[in-house]
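**Q** Take this sequence and fold it.
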Amino acid sequence: MATYLIGDLQGCRHELDYLLAEVGFNASRDELWLTGDLVARGPDSLGCLRRVQALGNAATTVLGNHDLHLLAVAEGLFAPKVNDKITPILSATDRGDLLYWLRHQPLLAQHSEHGFVMTHAGIPPQWDIAQARKAARWAEAELQSSQYATRLKQMYGNEPTWWHDDLSEIEQLRFTVNGFTRMRLCHGDGRLNLEFKRKPIEAPTDLYPWFELRQDRQDPPLIFGHWAALEGRCEADDVHALDTGCVWGGSMTLLCWETQEHIVAPCPVYA
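**A** Got it, this is the predicted structure:
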């Protein structure tokens with residue numbers, strides 16, 4: 001049995017299949033963990049959803065910002081983004097099953113044996129693991145509830161940037177979703193900055209990668225995707241960046257947890 005972790009798919013089904021074939025992935029014995037953003041700008045978002053869903057309990061994926069946006073578009077709350085290639089999902093005969101399955105995926109997942117924690121973008125510096133897990137479970141329940149369409153609409157926005165107990169439920173939801181699915185950089189005091197998206201070396205001097213601000217914590221290994229500009233490089237101990245920009249002409253990266261071996265699939269420019 002092996003545990004494999006893969007960065008953002010972004011609709012790149014061919015590269016996913018290539019990596020799984022390279023390691024001889026077998027759903028009856030192996031596990032696949034994915035950092036979210038299964039869909040959006042690659043050529044086969046529908047194929048990616050179907051492939052991961054079909055793996056059943058052999059696959060664990062967390063929700064990314066593009067996954068959540070797909071759900072909001074499917075509810076008629078927003079139009080697709082210009083470069084998203086999600087129309088085949090919206091017109092698919094199994095659309096209902098796929099979207100229901102996607103909506104019931106977690107924002108945060110932890111491996112029961114290896115102990116690593118996975119989210120799409122990271123964990124806000126303010127939170128310890130217990131707080132992050134509690135916030136994730138609450139937000140997941142809201143997104144899976146009968147009022148999920150309202151919650152999908154309410155999750156949009158860049159405020160608040162700081163968590164405190166007096167936040168309204170809408171503000172709690174927005175901060176939680178932003179922290180787990182959109183965060184890259186934070187101010188020195190831990191406040192989220194959701195505007196800067198390039199490499200850390202290009203960032204203003206008062207902004208820091210979220211993982212640098214967690215260095216004093218006794219965290220389990222943390223796995224995330226989302227930040228393609230990192231190109232898989234992360235200097236923090238026990239923090240693994242797996243989005244290596246497949247859809248942008250980089251590569252798709254697979255990590256075998258047991259051996260810590262990285263396998264990459266080069267990609268053409270899709271977006």
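
**Q** all contacts plus neighbour counts: C-alpha atoms, from now on.
**A** Fine.

**Q** so I263, which of the three states?
**A** What DSSP: H, G, I helix; E, B strand; the rest coil gives for I263 is strand.

**Q** Distance check, it against T244.
**A** 11 Å (Cα to Cα, to the nearest Å).

**Q** Next: W163.
**A** W163 is 30 Å from T244, by Cα to Cα.

**Q** Just want to know which of those two has more residues nearby.
**A** Neighbours were counted for W163 and for T244 using other Cα atoms under 10 Å; T244 has more, 27 against 17.

**Q** check which helix or strand covers the more buried one.
**A** Of the helices and strands defined by DSSP states H and E, none includes T244.

**Q** That one contacts G232, correct?
**A** Yes. If you go by Cα atoms under 8 Å, T244 and G232 touch, sitting 5.3 Å apart.

**Q** wait, what's in contact with N83?
**A** The contact partners of N83, by Cα atoms under 8 Å, 6 or more residues apart in numbering, come to 40-41, 271.

**Q** mind checking the backbone torsions on it?
**A** phi -90, psi 0 (degrees, to the nearest 10).

**Q** Check the one 5 residues further on too.
**A** Dihedral pair for P88: phi -60, psi -30, per degrees, to the nearest 10.

**Q** need the helices for the protein, in chain order.
**A** Counting by DSSP state H, the chain has helices at residues 13-22, 45-54, 65-74, 87-90, 95-103, 129-143, 148-154, 169-181.

**Q** Looking at these, which is nearest to Y4?
**A** helix 13-22 (9.0 Å; Cα to Cα).

**Q** ok, residues contacting that closest one?
**A** 9, 43-45, 47-48, 252, 254, 263-267.

**Q** Can you tell me which of the residues you listed has the largest number of neighbours?
**A** Going by other Cα under 10 Å, L9 tops those with 30 neighbours.

**Q** Find the nearest non-adjacent residue to it, please.
**A** L38 (4.8 Å; Cα to Cα, 6 or more residues apart in numbering).

**Q** what does R29 give?
**A** Counting by Cα to Cα, 6+ apart, R29 lies nearest to M1, which is 5.1 Å off, once chain neighbours are set aside.

**Q** And the strands in the stretch 151-271 of the chain, which stretches?
**A** Along the stretch 151-271 of the chain, the segments classed as strands by DSSP state E, counting those that start in this stretch run 185-187, 192-193, 207-209, 222-224, 239-241, 251-256, 261-266.

**Q** between those, which one is nearest to K134?
**A** Once those are compared by Cα to Cα, strand 222-224 is nearest, at 16.6 Å.

**Q** Parallel or antiparallel, which strands does the closest one pair with?
**A** strand 117-119 (parallel), strand 239-241 (parallel) (DSSP bridges).

**Q** Tell me which of those is the most buried.
**A** strand 117-119 (a mean of 26; mean count of other Cα atoms under 10 Å).

**Q** Measure how far that strand is from the centre of its chain, please.
**A** 8 Å (Cα atoms, centre = their mean, to the nearest Å).

**Q** which ones are touching G157?
**A** R174.

**Q** so how many other residues sit close to D166?
**A** 8.

**Q** thinking again about what came up before, how about CSV for the contacts of helix 13-22, with pLDDT and distance to L207 added?
**A** Rendered in CSV, the data for the contacts of helix 13-22 read as follows (pLDDT from 0 to 100; distance: Cα to Cα, whole Å):
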residue, pLDDT, distance to L207
L9, 97, 28
P43, 95, 34
D44, 97, 35
S45, 97, 33
G47, 98, 38
C48, 98, 34
M252, 97, 28
L254, 98, 29
I263, 97, 31
V264, 96, 30
A265, 95, 32
P266, 91, 31
C267, 88, 31
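
**Q** Could you export those residues to JSON lines, including columns for distance to N57?
**A** Shown next, in JSON lines, are those (distance: Cα to Cα, whole Å):
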{"residue": "L9", "distance to N57": "19"}
{"residue": "P43", "distance to N57": "26"}
{"residue": "D44", "distance to N57": "22"}
{"residue": "S45", "distance to N57": "20"}
{"residue": "G47", "distance to N57": "18"}
{"residue": "C48", "distance to N57": "16"}
{"residue": "M252", "distance to N57": "22"}
{"residue": "L254", "distance to N57": "19"}
{"residue": "I263", "distance to N57": "23"}
{"residue": "V264", "distance to N57": "24"}
{"residue": "A265", "distance to N57": "25"}
{"residue": "P266", "distance to N57": "28"}
{"residue": "C267", "distance to N57": "28"}
